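Novice: I need the structure of the sequence given here:
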Amino acid sequence: MSLGSVAIVGTRAEALAFAERLAGSDAFDGITVYGREVETPAHTVFARGLARYVYGLEPFEATTFAVLLAVPDESVPETAFSVAGQGRAPEGCAAFHVSPTLPTDALAPLHAQGYALGAFQAFGGSGSGYVAVTGSPSAISVARRMADALDVEVLEVPAGRRPLVDAASTLVSGSVEPLLALSVRLMERAGITADDARPALLASVRSALTALEGGRGVDAAAHPARQGDFERAALHLRALDPEDQRLYAFLAAELLRLDAGSADEEARGALDRLFRRYLDEIPASPDPDSIIPDRDPQPTNVG
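Specialist: As a prediction, this is how the structure comes out:
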């Protein structure tokens, strides 16, 4: 059974990639992309006839059940106003922005035209198999149907907590590259070329991911904090530059916390004191709940 058609406003690379993915499912009547380019953008989704391109905007088809505003964050309110100018929402239609941080009230002009409002964001990148969604019950329902058709899992994010979820995704996915670069530099200081160091380190990353995916922790031999080896940890820290020492100590202290109760308490205490000594210069952060609103303001009576 077809869900209906999908309208995507915006022609950024991620928008066109999403259009192509939608077109790969037989759950949709059609995909239409709206943009500001007079000529149809050069992309396989149009070259293969998988989606229709429209310059500007037009009233949406009656079968449209989802509208995605895939434009830069700063353009969302203006774009929402322009889309609202096309008239009433098709029956049961929801409108989403794809920003990881904007509140859904950035879409407020569309509420007045009968759209349910929400956010639909690829979590951890377009290939992760997860989407983070926020919105009214009707918008969440539309998002879940769209996600089911795409065979991706839904993470329903409470209103006002989306920056935390985006921070979590950014932290885990965005930290691998700089940590790898730092580790390569350390190997170079030891006399190993970057060409040799990088594949060896990537093998270590894959081994750690395999262990985590299998429900196991990283091998104790991989880290002195897990092994309870004070001398090894101290040796590492003495070999590092001050900035690298603090990063090492922060991550090691977190690993020690994860392993609470699993190692000799005396060894854990010594390691904790060692790591904290290098972290004393890091100022305490404010309570996140004091700077993040409790809720994502939304227009009342959203469908």
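Novice: Pull the residues that contact the longest helix belonging to the chain.
Specialist: In the chain, taking DSSP state H as the definition, the longest helix is helix 194-213. Residues from elsewhere that reach helix 194-213 (CB atoms under 8 Å, 6 or more residues apart in numbering): Val176, Leu180, Ser183, Val184, Met187, Glu188, Ile192, Gly217, Val218, Asp219, Ala222. To be clear about C-beta, it is placed using only N, CA and C from the backbone, and glycine gets the same treatment.
Novice: Okay, helices next: where are they in the stretch 101-250 of the chain?
Specialist: Ranges of helices in the stretch 101-250 of the chain, per DSSP state H, counting those that start in this stretch, are 108-111, 137-150, 162-174, 176-189, 194-213, 224-227, 230-239, 242-258.
Novice: closest to Glu91 out of those helices?
Specialist: Ranking these by proximity to Glu91 (CB to CB) places helix 137-150 first, at 11.2 Å.
Novice: The helices of the stretch 101-250 of the chain into JSON lines, with extra columns for mean neighbour count?
Specialist: JSON lines is the format used below for these (neighbours: other CB atoms under 10 Å):
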{"stretch": "helix 108-111", "mean neighbour count": "22"}
{"stretch": "helix 137-150", "mean neighbour count": "19"}
{"stretch": "helix 162-174", "mean neighbour count": "15"}
{"stretch": "helix 176-189", "mean neighbour count": "14"}
{"stretch": "helix 194-213", "mean neighbour count": "12"}
{"stretch": "helix 224-227", "mean neighbour count": "22"}
{"stretch": "helix 230-239", "mean neighbour count": "14"}
{"stretch": "helix 242-258", "mean neighbour count": "16"}
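Novice: Quick one: those helices as TSV, columns for distance to Ala27 and mean pLDDT too.
Specialist: Formatted as TSV, those follow (distance: least, CB to CB, whole Å; pLDDT from 0 to 100):
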stretch	distance to Ala27	mean pLDDT
helix 108-111	23	96
helix 137-150	4	94
helix 162-174	26	89
helix 176-189	33	95
helix 194-213	29	92
helix 224-227	46	87
helix 230-239	52	94
helix 242-258	41	91
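Novice: Just send the ones you listed back as CSV, with distance to Pro100 too.
Specialist: As requested, the helices of the stretch 101-250 of the chain are arranged in CSV below (distance: least, CB to CB, whole Å):
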stretch, distance to Pro100
helix 108-111, 19
helix 137-150, 15
helix 162-174, 4
helix 176-189, 18
helix 194-213, 23
helix 224-227, 32
helix 230-239, 35
helix 242-258, 24
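Novice: ok, back up a step: between helix 176-189 and the longest helix of the chain, find me the angle.
Specialist: Using axes from the mean of the first three to the mean of the last three CA atoms, to 10 degrees, one finds that helix 194-213 and helix 176-189 are set 130 degrees apart in direction.
Novice: Just the CA atoms of helix 194-213, as CSV, please.
Specialist: Provided in CSV are the C-alpha atoms of helix 194-213 (Å, rounded to 0.1, in the frame of the first residue of the first chain):
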residue,chain,number,x,y,z
ALA,A,194,52.1,7.8,8.8
ASP,A,195,51.6,5.3,5.9
ASP,A,196,52.4,2.5,8.2
ALA,A,197,50.8,3.9,11.3
ARG,A,198,47.4,4.6,9.9
PRO,A,199,46.4,1.1,8.8
ALA,A,200,47.7,-0.4,12.0
LEU,A,201,45.7,2.0,14.1
LEU,A,202,42.6,1.5,11.9
ALA,A,203,42.9,-2.2,12.6
SER,A,204,42.8,-1.4,16.3
VAL,A,205,39.7,0.7,15.8
ARG,A,206,38.0,-2.1,14.0
SER,A,207,38.9,-4.6,16.7
ALA,A,208,37.4,-2.3,19.4
LEU,A,209,34.2,-1.8,17.3
THR,A,210,33.9,-5.5,16.8
ALA,A,211,34.2,-6.1,20.5
LEU,A,212,31.6,-3.4,21.3
GLU,A,213,29.1,-4.7,18.7
